[in-house]
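J.: give me coordinates for this.
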Amino acid sequence: MGEVVPFTLMVIMEGCTIGLTILAKTAITGGMSPFVFVVYTNAIGSLLLLPLSFIFHRERTEQSLLTFPLLVRIFFLGLTGIAVSQNLAFVGLSDSSPIVVCAMGLLIPSLSFLLSIIPRTTRLDWRNSSSQAKLMGTLISITGAVVVELYKGPFIRKSSYFYAHQLKVIPKLFVFYSAPDNWILGGILLAAASLSVAMWNVIQLGTVKQYPQVMKVVSFYSLAGTIQCLVFSLIMERDLNAWKLKLNLELLLIVVTGVFGSIIRSNVHLAWSRMKGPFYVPMFKPFGIVFATFFGVSFFTNSLHYGSVIGTLITGMGYYAVMWGQIREEELRKERDVERTDDTSDQIKTPLLQEQEEAQV
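T.: Numbering: from 1, shown residues only. Alright, predicted model coming up:
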């Protein structure tokens, strides 16, 4: 049960994430502003996270979030992790499909690896198997993303819009379609969103080391990101009617997405990361490909092409190669730490033995 429960919950989390992505695509295609959607979902998440973070972290600490360096980090965490990434993601989603979202999301480890090389936080050793795996995985992931972008291939199944358009009937239920289909633009925006998330990963890593109370950091940068989204959305979406909420399925979608993303998914990921290690949660990311393909075929959502599925699978192979390299690098680091500890203990023991021998003489 110790293995089955985490595995099952992680698969369910990925399925729910893709399901909500499909529903968000449906709502946006139906006329809902993606900028408004991002603001409201993050506002709900911030209102829930802020009080919960102080309940979760009841212990007192000498560190304060009111220091200027941490406030700067929180500002950029909100900017990269919420304001830029989510707005780009949902606008890109409106011009593409959930399977393209999966493909571009799988680029995040590769982009994080490339970004870590620039400030030299990661050392490249060409003779090291971990470095070789990360480099090869990065190249494979980028190749897969290019295939998704430039090659659609024949249909696996055409969307219901394709048939309804010929009959001059516009379907309503679980159907979305971008007309005209700005596939390449949508993919570029989603890739830019992944780059923003990769930057967020780099900033977050240093922030958590300085301030280990993770829930407080998350709640504060969520609040900062919500404010940034509001400012940006007021510029992009000036139609006041778009901000009016009604008691309908769109409001339910906003509430469910806000609660699921900020409370349920984040806490499940945090719990399993602490129990299973930092690489357990990312290993389930490619499961989204399976759910996106299944939902796409089952509910006749967007047109599903062989090129999209093949390219996404190639990107998934590169994703796992990069993850293997990261895991291998962590194992080597632990082995070096153990060797250093053993060397230190030997150095301590040697003088003690010499002292005992001198005392006996």
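
J.: for Ser53, identify the helix or strand it belongs to.
T.: helix 34-56 (DSSP states H and E).

J.: then that helix to CSV, C-alphas only?
T.: Extracted C-alpha coordinates of helix 34-56, given in CSV (Å, rounded to 0.1, in the frame of the first residue of the first chain):
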residue,chain,number,x,y,z
PRO,A,34,-8.1,33.7,-20.5
PHE,A,35,-6.8,36.7,-18.6
VAL,A,36,-9.9,36.9,-16.4
PHE,A,37,-9.7,33.1,-15.8
VAL,A,38,-6.1,33.4,-14.6
VAL,A,39,-6.9,36.3,-12.2
TYR,A,40,-9.9,34.6,-10.5
THR,A,41,-8.3,31.2,-10.1
ASN,A,42,-5.2,32.6,-8.5
ALA,A,43,-7.2,35.0,-6.3
ILE,A,44,-9.1,32.0,-4.9
GLY,A,45,-5.9,30.1,-4.4
SER,A,46,-4.2,33.1,-2.6
LEU,A,47,-7.2,33.6,-0.3
LEU,A,48,-7.0,29.9,0.7
LEU,A,49,-3.3,29.6,0.9
LEU,A,50,-2.5,32.7,3.0
PRO,A,51,-4.3,31.7,6.2
LEU,A,52,-3.4,28.0,5.8
SER,A,53,0.3,28.8,5.5
PHE,A,54,0.3,30.4,9.0
ILE,A,55,-1.6,27.4,10.4
PHE,A,56,0.8,25.0,8.8
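
J.: what angle sits between the next helix or strand after that helix and helix 34-56?
T.: Where DSSP H and E defines the elements, the next helix or strand beyond helix 34-56 is helix 68-78. Calculated by axes from the mean of the first three to the mean of the last three CA atoms, to 10 degrees, helix 68-78 forms an angle of 140 degrees with helix 34-56.

J.: mind listing what's buried in helix 68-78?
T.: Applying a neighbour-count criterion of 16 or more other CB atoms under 10 Å, one finds Leu70, Arg73, Ile74, Phe75, Phe76, Leu77, Gly78 buried in helix 68-78. Where C-beta positions appear, they are placed from N, C-alpha and C, glycine not excepted.

J.: how far out from the middle of the chain is that helix?
T.: Distance of helix 68-78 from the chain centroid (CA atoms, centre = their mean, to the nearest Å) equals 19 Å.

J.: check stretch 143-155 too.
T.: On CA atoms, centre = their mean, the centre of stretch 143-155 falls 22 Å from that of its chain.

J.: follow-up on the earlier one: averaged pLDDT, the helix holding Ser53. What do you get?
T.: Averaged over helix 34-56, pLDDT sits at 87.

J.: and it, what does it pack onto?
T.: Packing contacts for helix 34-56, counted by 3 or more CB pairs under 8 Å, 6 or more residues apart in numbering; DSSP states H and E, involve helix 4-29, helix 85-94, helix 214-236, helix 249-259.

J.: let me have those in TSV, extended by mean pLDDT.
T.: What follows is those, written out as TSV (pLDDT from 0 to 100):
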stretch	mean pLDDT
helix 4-29	87
helix 85-94	90
helix 214-236	89
helix 249-259	91
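
J.: highest mean neighbour count out of the ones you listed?
T.: helix 85-94 (a mean of 23; mean count of other CB atoms under 10 Å).

J.: which strands or helices does that helix pack on?
T.: helix 4-29, helix 34-56, helix 98-105, helix 183-210, helix 214-236.

J.: noted, bye for now.
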